[in-house]
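In: Coordinates for the following, if possible.
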Amino acid sequence: MDKETIKKELVDKSNDILSKYSEPNMVENVSVMNMAAKTVFLGSLKVYNTEVIPNILRDLEKDLKGYGQLVIRDQKVTPCCSPSYTHISFNVSIKN
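Out: Numbering: from 1, shown residues only. The predicted structure is shown next:
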């Protein structure tokens with residue numbers, strides 16, 4: 001599978017998960033880092049409803065782990081002038 005196809009599928013799957021839990025922000029892009037031994041796809045989601053975070057993390061794990069080595073991190077963010085949210089980032093490493 002080529003990198004552009006994987007990139008598009010990661011965006012689509014991330015947005016499907018966000019829509020499933022009625023989150024307003026969508027993922028517009030996934031970054032790609034090309035290295036000698038592997039290719040890494042980096043994405044991030046913004047989640048406002050703290051009650052759905054465990055479900056979103058579980059769904060990401062289930063839907064994205066088939067691509068390669070998956071790492072998911074989450075961090076609470078409290079901006080000064082807008083509602084708090086949780087930033088969830090993922091990276092998928094695929095050996096070349």
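In: for this protein, what spans make up the helices?
Out: Under the criterion DSSP state H, helices of the chain are mapped to 3-20, 53-64.
In: Quick check: which of these is nearest to M26?
Out: When the helices of the chain are compared by CB to CB, helix 3-20 sits nearest M26, at 5.0 Å. All C-beta spots, glycine's among them, are computed from the backbone N, C-alpha and C.
In: by contact count, what packs against that closest one?
Out: The contact analysis (3 or more CB pairs under 8 Å, 6 or more residues apart in numbering; DSSP states H and E) places helix 3-20 against strand 38-47, helix 53-64, strand 85-95.
In: quick one: contacts of it?
Out: For helix 3-20, contacts defined as CB atoms under 8 Å, 6 or more residues apart in numbering pick out 25-30, 32, 39, 41, 43, 45, 47, 56, 59-60, 63-64, 67, 92, 94.
In: List only buried entries from these.
Out: Among these, the ones that count as buried by 16 or more other CB atoms under 10 Å are 27, 30, 39, 41, 43, 45, 47, 56, 59-60, 63-64, 67, 92.
In: ok, which pair from those is furthest apart?
Out: T39 and V47 (26.2 Å).
In: Not counting its neighbours along the chain, what's nearest L45?
Out: Computed as CB to CB, 6 or more residues apart in numbering, the closest residue to L45 that is not its neighbour in sequence is I88, at 4.5 Å.
In: Please apply the same query to P24.
Out: Spatial nearest neighbour of P24, excluding adjacent residues (CB to CB, 6+ apart): Y48 at 7.1 Å.
In: Before I go, just wanted to say thanks for your time.
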